[in-house]
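S.K.: sequence and predicted structure below; questions after.
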Amino acid sequence: MARFLPIALSALLLSAPITAFSPMPERGIAKTTIPCSTTSLNAIGVLARKAKENEVRQYCEDGIEDSVMEKVIEMKKNLESVPSITERDEAGPGPVQQGLTKRKGTISIIAEYKKTFIVKSGFADDMFDPEVMSPVFREFGAKAVAVLADKRMGGCTYDDVVSIVKEQDAAKGEMPGTCPVISSDLIVDELQIAMSAAAGAKAVLITYDVAKEKTDFFINCAHAIGLEVVVGVSTKEEAQIAIDAGARMISITGVDDVDDKVAAIADLDVPEGAQVLKIATILANDNKALEEVEEAWLCRDKGFNAVWVSDCLYKSGNDPSEHAGAIIRGMAAKSSVKWASAKAMGGKGEGAREYLGDILM
């Protein structure tokens, strides 16, 4: 490991050279708005990656906050002593993974906060402020909140991570309990991992298609400052590489068909004693039939432990049956496409009454 942080940052750390970091991007200050979900991150091209790297360099030149620099120094100090993959497996899953791992036949919901879809839909900004949406996610049953902290892709910055962390922390001791926050950015530099920790996130998303050969390094960087890791992959081959690199939370991203998602997690070679959390990212459909809820049920029944949902939480405004909280509750309901239909919102159809009771109670 002979590379570390951007040149601009390395110059600031005049002490010993930092081991194992590389040139990277920033906290997400781009200006274009693209209405796409987190899952599209692993389809980002070279130009977007370069743009992100330039953002990181610019952030370094503008001056790194003290809180971030503290995490950078902590990362550098701890990197060489990060427990091995075997040692981490022996210690067992961290709190985020434990909270997302429920008994068989149930599914955990990771609700992603973003703004681009909201802006495109023309809703009032204050309707979906982080302080408004964060308690909705928690009170309606989400087990974690992700923040798409990339201005270009999600319309958010690390300030939104801070806002949601603060709102969740303010609910400590209440029922339901607080949700851990996952920082979701286009990670191209370990500096972003330090920024995520400084913002109060408990876990970070690393997209394999972006990180490539640096995936294992980024995983170690996260563990060096106490963060858990979700690795986004789109194929079985990528999933296996991520597991071999030490990932124990795998999110299948950029895949529409449920069977293709299932194929990406089938028959993976998992080390003895290791526990791997399998997450399906659910893309939003163009209609309002709530097919995303049924997809969550299918993913649950086919072996996924959790679903990561984003755009579908915002596309329907304030319709009571299509409210973000109702969608979360519906996905978590102990129902299935065999006995109920998310599309039977008018009270007609087999099992519709049972489903509406779950989703609207």
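M.R.: Happy to help now that I have it.
S.K.: Q240 - how many residues pack around it?
M.R.: Residue neighbour count, defined by other CB atoms under 10 Å, stands at 17 for Q240. Quick note: C-beta positions are derived from backbone N, CA and C, even for glycine.
S.K.: wait, what's in contact with it?
M.R.: 268-269 (CB atoms under 8 Å, 6 or more residues apart in numbering).
S.K.: what of K115?
M.R.: With CB under 8 Å, 6+ apart, K115 has these contacts: 125, 128, 154-156, 160.
S.K.: again, only using 10 Å
M.R.: By CB atoms under 10 Å, 6 or more residues apart in numbering, the contact list for K115 reads 33, 125, 128-130, 133, 148, 151, 154-157, 160, 314.
S.K.: among those, which ones are in helices?
M.R.: The members of those that map onto helices under DSSP state H are 130, 133, 151, 154, 160.
S.K.: quick check, the fourth one in contact with S183.
M.R.: No: G154 sits out of contact with S183 when judged by CB atoms under 10 Å, with a separation of 11.0 Å.
S.K.: mind listing the shared neighbours of the two?
M.R.: 146-148, 160.
S.K.: closest to W308 among those?
M.R.: A146 (6.7 Å; CB to CB).
S.K.: what helix or strand is that closest one on?
M.R.: strand 144-148 (DSSP states H and E).
S.K.: what helices or strands is that strand leaning on?
M.R.: helix 95-100, strand 108-113, helix 130-139, helix 151-154, helix 158-169, strand 181-184, strand 203-207, strand 306-309 (3 or more CB pairs under 10 Å, 6 or more residues apart in numbering; DSSP states H and E).
S.K.: out of these, which gets the lowest mean score?
M.R.: The stretch with the lowest mean pLDDT among the helices and strands packed on strand 144-148 is helix 151-154, at a mean of 81.
S.K.: quick one, helices of the stretch 201-350 of the chain?
M.R.: Applying DSSP state H, counting those that start in this stretch to the stretch 201-350 of the chain gives helices spanning 208-211, 215-224, 236-244, 258-265, 291-301, 324-332.
S.K.: would you list those helices in CSV and tack on distance to F140 and mean pLDDT?
M.R.: Compiled in CSV, those are given as follows (distance: least, CB to CB, whole Å; pLDDT from 0 to 100):
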stretch, distance to F140, mean pLDDT
helix 208-211, 31, 90
helix 215-224, 29, 97
helix 236-244, 30, 97
helix 258-265, 23, 96
helix 291-301, 13, 93
helix 324-332, 3, 91
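S.K.: E112: which of those is closest?
M.R.: Of all the helices of the stretch 201-350 of the chain, helix 324-332 sits nearest to E112, with 10.7 Å by CB to CB.
S.K.: ok so, going back, export the helices and strands packed on strand 144-148 to JSON lines and tack on mean neighbour count?
M.R.: Shown next, in JSON lines, are the helices and strands packed on strand 144-148 (neighbours: other CB atoms under 10 Å):
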{"stretch": "helix 95-100", "mean neighbour count": "19"}
{"stretch": "strand 108-113", "mean neighbour count": "27"}
{"stretch": "helix 130-139", "mean neighbour count": "19"}
{"stretch": "helix 151-154", "mean neighbour count": "25"}
{"stretch": "helix 158-169", "mean neighbour count": "21"}
{"stretch": "strand 181-184", "mean neighbour count": "31"}
{"stretch": "strand 203-207", "mean neighbour count": "28"}
{"stretch": "strand 306-309", "mean neighbour count": "28"}
